[in-house]
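> need a structure here:
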Amino acid sequence: MYFCPVAKSKSQSRIFSLSQSLSITKSLYHKVAYSPPHTVNLQINIMTLKEIKSNKQLAPLINVALFAILLLVFHYLFRYWANHLHYWPIITTVGEINQFLMKLLYDNSLWALQHLTTFDFTTDPETRTFLFGSGSVYVSAGCSGFKQFLQWIVLMLFFPGPWKHKLWFIPAGLIVTHLVNIFRIDVLVIILDYFPQYWKFTHDWILRPFFYVIMFGMWVIWVEKFIENKVKK
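The predicted structure follows:
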């Protein structure tokens with residue numbers, strides 16, 4: 001994220017803000033005074049947008065807004081594609097990808113539970129289900145990570161930055177997303193056995209948003225290391 005490298009006192013900041021405000025006001029006055037009435041609003045809007053875009057202090061806010069907009073637009077477009085179009089026109093391809101991702105997630109989550117915990121459970125590989133005393137957890141298409149993978153790819157493709165770094169940063173982000181999904185499945189298995197009353201809350205309000213917290217963190221690294229560093233150079 002952009003941070004001004006020069007420290008300023010409060011009085012300096014106030015003087016800077018006042019002079020900047022006076023400059024903008026003067027510019028607006030000239031736009032209004034010497035332009036035809038029907039073009040005033042358009043010129044003011046264009047000028048304001050240019051000033052906002054060039055204001056480095058607003059860069060972090062603009063970047064976060066762009067991140068949120070891209071994620072929200074993708075979320076609703078994906079839901080429409082999945083629920084109404086049923087992944088048309090690549091229904092078969094999406095089905096094959098989901099099958100592959102579900103098996104990969106199940107196998108990796110199983111390995112993590114077996115080697116990194118002392119949790120006692122059995123499995124049903126045919127249905128990709130973890131079985132234990134108080135219930136069971138199975139890996140479904142909604143758990144596969146397909147949406148999050150695609151979301152990460154789209155976010156990085158549309159967001160500015162050098163392509164030579166995107167070629168390795170995008171795959172790195174997919175690996176991190178998959179590791180987060182493994183962690184999510186294993187935590188849900190353990191939560192259901194020890195604290196079943198908190199399983200739904202953990203699934204819906206902790207581990208699902210956790211995906212996007214990690215994605216936001218990766219995006220922050222991208223902006224700070226590969227966009228703002230380039231601008232400073």
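> how about low-confidence regions in this structure?
Scanning the chain for pLDDT under 70 picks out the ranges 1-56, 228-233.
> do that again at 80, thanks
Low-confidence segments of the chain (pLDDT under 80): 1-59, 134, 228-233.
> how about the helices in this structure?
Ranges of helices in the chain, per DSSP state H, are 10-33, 37-54, 59-83, 91-116, 146-158, 163-194, 199-201, 208-222, 229-232.
> got these as CSV, with distance to S134 and mean neighbour count columns?
Placement of C-beta: from N, CA and C, glycine included. Formatted as CSV, those follow (distance: least, C-beta to C-beta, whole Å; neighbours: other C-beta atoms under 10 Å):
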stretch, distance to S134, mean neighbour count
helix 10-33, 58, 11
helix 37-54, 54, 12
helix 59-83, 31, 14
helix 91-116, 16, 15
helix 146-158, 28, 18
helix 163-194, 5, 16
helix 199-201, 9, 14
helix 208-222, 22, 15
helix 229-232, 50, 10
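> quick check: which of the ones you listed is nearest to F132?
helix 163-194 (4.9 Å; C-beta to C-beta).
> for the closest one, name the packing helices and strands.
If contacts are counted by 3 or more C-beta pairs under 8 Å, 6 or more residues apart in numbering; DSSP states H and E, helix 163-194 sits against helix 91-116, strand 129-132, strand 135-138, helix 146-158, helix 199-201, helix 208-222.
> now for the closest residue in space to I170 that isn't next to it in sequence: which residues touch it?
Spatially, and ignoring its direct neighbours in sequence, I170 is nearest to M156 (5.0 Å; C-beta to C-beta, 6 or more residues apart in numbering). The contact partners of M156, taken as C-beta atoms under 8 Å, 6 or more residues apart in numbering, are K166, F169, I170, G173, W222.
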